[in-house]
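S.K.: Structure of the sequence below:
(3 chains)
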Amino acid sequence: MKIALRVNGVLHEVDVEPRKLLVHVLRELGYKSVRVGCDTATCGACTVLMDGRPVKSCNVLAVQVDGAEIYTADYSDEVMEKLRGAFKRHHAAQCGFCTSGMLTTAYYLVRRGVKSEEEVVEGLSGVLCRCTGYQNIINAVKEVAGL
Amino acid sequence: MKYVGRPIPRVEDELILRGKATYVDDVELPGMLYAGFVRSPYAHARVLKVDFSDVLKTPGVVAAFGPGDGEPFSFAPGGKVRYQGEAVAMVVARDRYVLYDALEKVAVDYEPLPAVLDINDALRPDAPLVDESLGNNVVHDKVYEGGDPDRALKEADVVVEGRFVVQRIIPSAMEPRGVVAAYDGDVLTIWSSTQVPFDVRKEVAKALGLPLSRLRATQPFVGGAFGSKLLVYPEEVWVATAAYRLKAPVKWVATRGEDFKATTHGRALTLEYKVGASRDGRILAVTGTVYADAGAYYWGEGLADTAAQMLPGPYDIRHGRLRAVAVLTNKTPLSAYRGAGRPEATLFIERIMDHMADVLGMDRVEIRRRNLIRQLPYRNVFGITYDTGDYPTAFERGLERLGYRDLKRWADEEAKRGRIIGVGFSVYVEITTFGYETAVLRAERDGSFTLYTALTPHGQGLATALAQVVADELEVPMESIKVYWGDTAYIGDGIGTMGSRSITAGGSAAVLAARRLKQELARAAEALLGCRPEYREGVFQCGGRSVSIAEVVKAVYRGKAEAQLTVEAIYHTEPTFPFGVHLAVVELDPETGFVKPLLYKSYDDVGVVVNPLLAAGQVMGGALQGIAQALYEEAIYDEAGNLVTSNLAFYYVPTAAEAPRYEVYFAEEPHPSKHPTGTKGVGEAATIASTPAVIMAVEDAMRRLKPGVRIDKTPITPEDVWRLLR
Amino acid sequence: MSRREDAAPLAGGQSLIPMLKLRVASYGVLVDIGRVRELRYLRYGDVAEVGALVRHYELEESPCGFLRGVAVRIGDPQVRSLGTVGGSLAHADPFGDWPAAMLALGAVVKTAGPNGAREVAIDEFVKGPYQTALERGELVAGLEFRCPPRGAYVKFARRHNDFALAAIAVAAEVKEGHVSWARVAALGAADRPVRLRKVEALLTGAPLTADVIASAAEVAAREAQPPADFKASAEYRRALLSVAVKRALGRL
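M.R.: Here you go, the predicted model:
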């Protein structure tokens, strides 16, 4: 089936098998930051922003989202760069495998105007990290969110 | 020292934060094929027949390999499979979606066999045999002894006995395992999500009869490992063989469900103990048995042994006998998981201390005070010599710094408001660093440097730490040093990142390489300057003249002087011993048994701290894994040998919502190791200290409601707590 | 979908797609209803009307407090972005949050199918684990209910975002300290979401006092017939349900 996806502002027109997951289509289009970490939509490493909301791209068929506007952790704008700077300063990444999911989710939280640490924690709870213990990630997001 | 000791953010983050870090699934090669495995649904079964006729007719399927294919394919050795998830066949196809359909078309005839899933069942005389070549399921049995434990127990005023069961853990690195292999007719290149590319190269070379020089194994970015990637797995050899034979690149990446069964599990040790003490709280003897539930193959050698040998911990226990027994069962093989025997050792001895304190009516701090080793170096009863440190001072300073007494008082206050808060601590010493490590350092024409390390970091930030260490040694800017790691193209051999050894073993090798390089360049500088120069910040100077490193290098290339511009150092280590005190605060919901970790604090003496930002990251991440072992995670098999906790939805790796807040401290006056870096390693320390601290905290909370209640296993689940409190 | 045995509707996909990935379910045809605008309505009047394709997150800011309390406890933020209320009802997971909530609300399920539209009372809709009253080819079109004057949702799960070990949804009206009516639904009290009618009977007309709440909690424990699995024993679920009833009623 032919679908169109706008990823990080770039329009892609692709012909995909109906059962193909969005995460695989994105990776084949070169957006390698979107990662597969599990098969139960639990780990969140595949999280992208779609039509303004964080979604697990492993849990969506690409054909379902024809015409969607998607942002991945490859994206760059002022907020994303602030997040990258904060992640680096706070040592919020170790192995880096969950980092894309954390960045896209954090981007959503900052743009939405998250108002407390509890909201940051709740917002990040859908992305698993095995390395950092989470505190540095939470602190990085809080800093950019002005908390 | 300009860089060591400073909290410098990581150089690795440039790639990681831009999504440009290449993990094994990101490796794309023209014509790449995808491999997948047919895996046994049974815990124990004979494999009667593997039929590829349907799968080979499937469009897009290129090849299939099974038990009939002979070495190096070693599917179902002995004609049977020994655990659910053991690979029986491999299919290679052009497309990943076609592959997973194709795997279902491989027809396998199994004859299920009775399975043993429990150490006690496996030890029965009539138990089904996991390995028929052994007479029973005991694959390792060794006694460690020192002093005269029988006499000490006889003379003891008090003897306590007990049992502590540590659960099976699934390491759950966020990146599942995977490997890509490609053969261009000249060189076979392997990318693997591994901690041991050097071993991968050796094993594959042996399997295929290739010289090492024709094989390159490289570690891309690896999404975590925690000890579960420090073996060479059969899949790596099989995928490499397929690439070699098919003359096309082949990629295999495990699905999470597959990884849960095909990647080694951790912990799964049980201690039966009998401990004697004097009335005044001195532990006189520790005896007992450590059992390892080794799973289907004895891949994780020495885990029970390490737990036994380190069991005395930081305490002066002069008599002991511990038997380390590894028992085969029909489950995923056991191997290292962050701490690899030391978390269990510390958990065991800390629980023994608490048990004894209860029996003697003694305070938990006091009993430890009375037993801490006072003088180092100290040779423990099982022959392990702890190097440098001051445990009594660390204990007092640690408890003070972490605010133990204040937090206990606060918990009392909160109890009046109806909150049940528990505070617990642990004291530990742990053993890190072993073997040799290599580094190669090259001076570039412009005075910058390239460092190749055989270390294999997978999140630790070692490229940054090594650059700091080498920059200080060479007195040059850190930015001028580029570090490459984990690739057999750069270095002939090494061990890699595991066992908290990297900064010590790899860092020291890098320091020695830097010193050697300075000597080489100094020799050439002397020839150029005509006098023996002093070296300062990249410049050789004497007799009123100077020459920079860049000038020396260029001169060597021009033939004006001689020097080795690329030097190698192979550093042989001995173990070293970090130690410290950790503390946990938890809140208990008495009606439901739910426990929430609120706060976690650490005080560690790890010798020199090269980068406190990175070291604190290791402490926090390590702590959460130990907290999760205490409260959340458990690999559960049912009676038929099915792994019931088969994926991340059912296996409780904690989310940000379960994590506590952390406060990390390092000793103000650390005791360095004898290694050139003065470091002792920090990667596993918090995982070692955290589980017992949390268990003590939970028990502390529970005892506000029911005195004398004791926890004798991990995890302690909400249901466990609820049952114990009734 | 009425013609083919191997056809299924696809809305948010948050329950269906994991099943497909794990190969525990397999279909020849998926009918993507995700863009059917007619099913996206969300109206709060005297009666709340929630179209089947309303996503969980849309109810996190609902003016109806009870709905907010349920919506924020479903899955994680990403699941809430895509998962739909109608999908959750149709999937009828034994531990599904919306089925329990709708039982407490006494919702009416509106269906649409080849034989026209139906209205099914929620009590008749959930028939068993993953089983509903939907006929072949039928979809959940929407839900109708009144936002209760008082309500609470208490969910116990191992991790913050996990499925419930046990949960209680209460909707009620309390006038002058007395319960005029109450609907109490449970997860973990049976092999499907169920109402605890004995608890409801005890509460109806009773003063909302600590004693009554304690009795209700006790009755809940006795009325429940919880399943046992590797996550929890029946006994423990019973205890959790009791505590959940107490806490939910305490929040009214």
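S.K.: Please count neighbours and contacts with C-alpha atoms only from this point.
M.R.: Will do.
S.K.: how about the residues of chain B that lie near chain C?
M.R.: Chain B comes close to chain C at residues B:591-592, B:632, B:636, B:644, B:649, B:652, B:654-655, B:657-658, B:719, B:722, as judged by CA under 8 Å from any CA of the partner chain.
S.K.: next one: chain A
M.R.: Within chain A, the residues that sit near chain C (CA under 8 Å from any CA) are A:39-41, A:47, A:53-56, A:59-60, A:64, A:122-123, A:125-126.
S.K.: so of those residues, which ones are in helices?
M.R.: A:122-123 (DSSP state H).
S.K.: who wins for neighbours among the residues of chain A next to chain C?
M.R.: For the residues of chain A next to chain C, the largest neighbour count, defined by other CA atoms under 10 Å in any protein chain shown, is 34 neighbours, found at A:T47.
S.K.: could you list every residue that touches it?
M.R.: A:34, A:54-57, A:72, A:100-102, A:104-105, A:127, C:78 (CA atoms under 8 Å, 6 or more residues apart in numbering or on different chains).
S.K.: Which parts of the stretch of helix or strand B:V327 belongs to count as buried, going by neighbours?
M.R.: Per DSSP states H and E: B:V327 is located in strand B:319-328. By neighbour count on 16 or more other CA atoms under 10 Å in any protein chain shown, the buried set for strand B:319-328 is B:319-328.
S.K.: before we move on, the earlier item: out of the residues of chain A next to chain C, name the two that are farthest from one another.
M.R.: Between any two of those, the greatest separation by CA to CA is 27.1 Å, found for A:Q64 and A:E122.
S.K.: What is the burial count for B:P59?
M.R.: 11.
S.K.: ok, now the one 4 residues further on?
M.R.: Applying the criterion other CA under 10 Å, we find 16 residues in the vicinity of B:A63.
S.K.: partner residues bridging it?
M.R.: Counting by DSSP bridges, B:A63 forms beta bridges with B:V92.
S.K.: now the buried residues of strand B:319-328 as CSV including pLDDT?
M.R.: Converted to CSV, the buried residues of strand B:319-328 look like this (pLDDT from 0 to 100):
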residue, pLDDT
B:H319, 98
B:G320, 98
B:R321, 98
B:L322, 98
B:R323, 98
B:A324, 98
B:V325, 98
B:A326, 98
B:V327, 98
B:L328, 98
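S.K.: Between all of the residues you listed, which two are separated the most?
M.R.: B:H319 and B:L328 (29.7 Å).
S.K.: Can you name the residue of the stretch 551-700 of chain B nearest to chain A?
M.R.: B:G621 (4.1 Å; CA to the nearest CA).
S.K.: Now do C:E5, the pLDDT please.
M.R.: Per-residue pLDDT puts C:E5 at 86.
S.K.: Can you name the residue of the stretch 1-150 of chain C nearest to chain B?
M.R.: For the stretch 1-150 of chain C, CA to the nearest CA, closest residue to chain B: C:L22, 8.6 Å.
S.K.: Share the number of residues neighbouring that residue, please.
M.R.: 12.
S.K.: try the one 4 residues further on
M.R.: Residues near C:S26, counting by other CA under 10 Å, number 16.
S.K.: before we move on, what about the one 3 residues further on?
M.R.: Neighbourhood size, C:V29 [other CA under 10 Å]: 16.
S.K.: Name all residues that make contact with it.
M.R.: Contacts of C:V29 by CA under 8 Å, 6+ apart are C:6-8.
S.K.: Ok, B:Q219 next?
M.R.: Contacts of B:Q219 (CA under 8 Å, 6+ apart): B:191-195, B:197, B:456, B:485-487.
S.K.: just C:V85 next, same as before
M.R.: With CA under 8 Å, 6+ apart, C:V85 has these contacts: C:51-56, C:98.
S.K.: hmm, 6 Å instead?
M.R.: With contact set as CA atoms under 6 Å, 6 or more residues apart in numbering or on different chains, C:V85 has these partners: C:52, C:54.
S.K.: Show me what counts as buried in the longest helix along chain C.
M.R.: For chain C, the longest helix by residue count, based on DSSP H, is helix C:234-250. Residues C:234-249 are the ones in helix C:234-250 that count as buried (16+ other CA under 10 Å).
S.K.: Then stretch B:272-288?
M.R.: B:272-278, B:281-288.
S.K.: just stretch C:110-118 next, same as before
M.R.: C:110-113, C:118.
S.K.: Mind putting these into JSON lines with secondary structure, distance to chain A and pLDDT?
M.R.: As requested, those are exported to JSON lines (DSSP: H, G, I helix; E, B strand; the rest coil; distance: CA to the nearest CA, whole Å; pLDDT from 0 to 100):
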{"residue": "C:K110", "secondary structure": "strand", "distance to chain A": "24", "pLDDT": "98"}
{"residue": "C:T111", "secondary structure": "strand", "distance to chain A": "22", "pLDDT": "97"}
{"residue": "C:A112", "secondary structure": "strand", "distance to chain A": "21", "pLDDT": "95"}
{"residue": "C:G113", "secondary structure": "strand", "distance to chain A": "22", "pLDDT": "93"}
{"residue": "C:R118", "secondary structure": "strand", "distance to chain A": "27", "pLDDT": "96"}
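S.K.: hey, where'd the strands end up in chain A?
M.R.: A:2-7, A:10-15, A:47-50, A:53-56, A:69-71 (DSSP state E).
S.K.: one step back: among the contacts of B:Q219, which are in strands?
M.R.: B:191-192, B:485.
S.K.: excluding its backbone neighbours, what's nearest B:R703?
M.R.: Residue nearest to B:R703 in three dimensions, not counting chain neighbours: B:V709, with 6.2 Å by CA to CA, 6 or more residues apart in numbering or on different chains.
S.K.: What's the separation between that neighbour and B:W722?
M.R.: 12 Å (CA to CA, to the nearest Å).
S.K.: cool, and B:G36?
M.R.: For B:G36, the distance to B:W722 - CA to CA - is 44 Å.
S.K.: quick one: which of these two has more around it?
M.R.: The neighbour count for B:G36 versus B:W722, taken as other CA under 10 Å, is higher for B:G36 (24 against 20).
S.K.: tell me the pLDDT at that one?
M.R.: 98.
S.K.: Selection in PyMOL covering whichever of the contacts of A:T47 are buried, please.
M.R.: To isolate the buried ones among the contacts of A:T47 in PyMOL, judged by 16+ other CA under 10 Å, type:
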select buried, (chain A and resi 34+54+55+56+57+72+100+101+102+104+105+127) or (chain C and resi 78)
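S.K.: would CSV of the contacts of A:T47 with pLDDT and distance to C:A190 be doable?
M.R.: Listed next are the contacts of A:T47 as CSV, based on pLDDT from 0 to 100; distance: CA to CA, whole Å:
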residue, pLDDT, distance to C:A190
A:V34, 98, 39
A:P54, 98, 34
A:V55, 98, 32
A:K56, 98, 31
A:S57, 98, 33
A:T72, 98, 42
A:S100, 98, 40
A:G101, 98, 36
A:M102, 98, 37
A:T104, 98, 39
A:T105, 98, 36
A:V127, 98, 31
C:Q78, 97, 29
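S.K.: For the residue nearest to B:P333 when sequence neighbours are not counted, report the pLDDT, please.
M.R.: Take B:P333 and drop its neighbours on the chain: the residue closest to it by CA to CA, 6+ apart is B:G295, 4.1 Å away. Note on B:G295: pLDDT of 98.
S.K.: For B:G295, give the beta-bridge partners.
M.R.: B:L328.
S.K.: how much space between it and B:N330?
M.R.: Distance of B:G295 to B:N330, given as CA to CA: 6 Å.
S.K.: Neighbour count: those two, which is higher?
M.R.: Neighbour count, other CA under 10 Å: between B:G295 and B:N330, B:N330 has more, with 31 against 28.
S.K.: ok now stretch B:267-276, how far from the chain's centre?
M.R.: 22 Å (CA atoms, centre = their mean, to the nearest Å).
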